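Q: Predicted model, plus sequence, below.
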Amino acid sequence: MAAIHRPAHLTHHAAKIASAACLEKSKAIGVPMNVAIVDASLYLLHFERMPGAKLTSVDISMNKAFTAAGHHAPTSVYKEAVWPGGAAFGLNNSNGGKFITGTPAQDTEVAQAGVDAVLSYIKKNSQLKAKL
C-alpha cells in the first residue's frame with residue numbers, strides 16, 4: 001500500500017507565533033497592519049488588527065492570506081500579470097473576488113517575518129526532539 005502524503009498543517013500555536021512576529025515587524029517599520037493567517041484548507045486560523053490599521057484592510061488581509069496560501073506564493077508574484085493584456089488579467093475576479101494580487105513592499109516584509117518565525121520554531125523543536 002502506498003503511503004499517503006499529507007501537507008504539514010499550521011497549528012494555532014504556530015499561527016500565533018507568526019502573528020506575533022508580523023506585529024513586531026509592523027511596529028518596527030511603523031506601519032500598523034491587519035494580520036490574517038490561514039491554514040492549509042485556506043480558512044482563517046488567526047487574525048489580529050493593530051491599533052491604527054485600516055478598517056478597510058481587514059478583508060483584504062484575509063483575502064491576501066487566502067491567495068498566498070492557495071497558490072503557495074506571495075501575492076506580489078501576480079503584480080505584472082494581472083494588468084490589462086497580462087496573462088492573468090481578470091484573475092482577481094475568481095474565487096468570489098477573494099483572489100487578491102499585488103502587494104506593497106511592507107506586506108511582503110511583514111509576512112516574511114512571520115514565515116521566518118515559524119521556520120525558526122520548527123527548527124528549534126526538531127533539534128530538541130533529536131536530543132531526546
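A: Arrived safely, thanks for sending. Numbering: from 1, shown residues only.

Q: can you pull out the strands in this structure?
A: For the chain, the strands defined by DSSP state E cover 34-38, 44-49.

Q: Tell me which of the ones you listed sits most buried.
A: For these, the largest average neighbour count (mean count of other C-beta atoms under 10 Å) is found in strand 34-38, namely a mean of 24. C-beta coordinates here come from the backbone N, C-alpha and C atoms, glycine included.

Q: Now do it and strand 44-49, the angle between them.
A: 170 degrees (axes from the mean of the first three to the mean of the last three C-alpha atoms, to 10 degrees).

Q: re the thing from before, now the strands of the chain in a markdown table, with mean pLDDT?
A: Below are those laid out as a markdown table (pLDDT from 0 to 100):
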| stretch | mean pLDDT |
| --- | --- |
| strand 34-38 | 97 |
| strand 44-49 | 97 |
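
Q: quick check: longest helix of this structure.
A: helix 105-131 (DSSP state H).

Q: Flag every buried residue along that helix.
A: For helix 105-131, a neighbour-count test (16 or more other C-beta atoms under 10 Å) marks 107, 109-111, 113-114, 117-118, 121 as buried.

Q: Out of these, the closest to residue 49 would be?
A: Nearest to residue 49 among the buried residues of helix 105-131 is residue 110, at 13.4 Å by C-beta to C-beta.

Q: my read: that closest one touches residue 25, true?
A: Yes: Residue 110 lies in contact with residue 25 (C-beta atoms under 8 Å); the separation is 4.8 Å.

Q: follow-up on the earlier one: quick one: which two of the buried residues of helix 105-131 are the most distant?
A: 107 and 121 (21.6 Å).

Q: give me every residue that touches the residue nearest the centre of the chain.
A: The centroid of the chain falls nearest to residue 65 when counting by C-alpha atoms, centre = their mean (4.3 Å). Counting by C-beta atoms under 8 Å, 6 or more residues apart in numbering, residue 65 touches 36-38, 44.

Q: between those, which is closest to residue 14?
A: residue 37 (8.9 Å).
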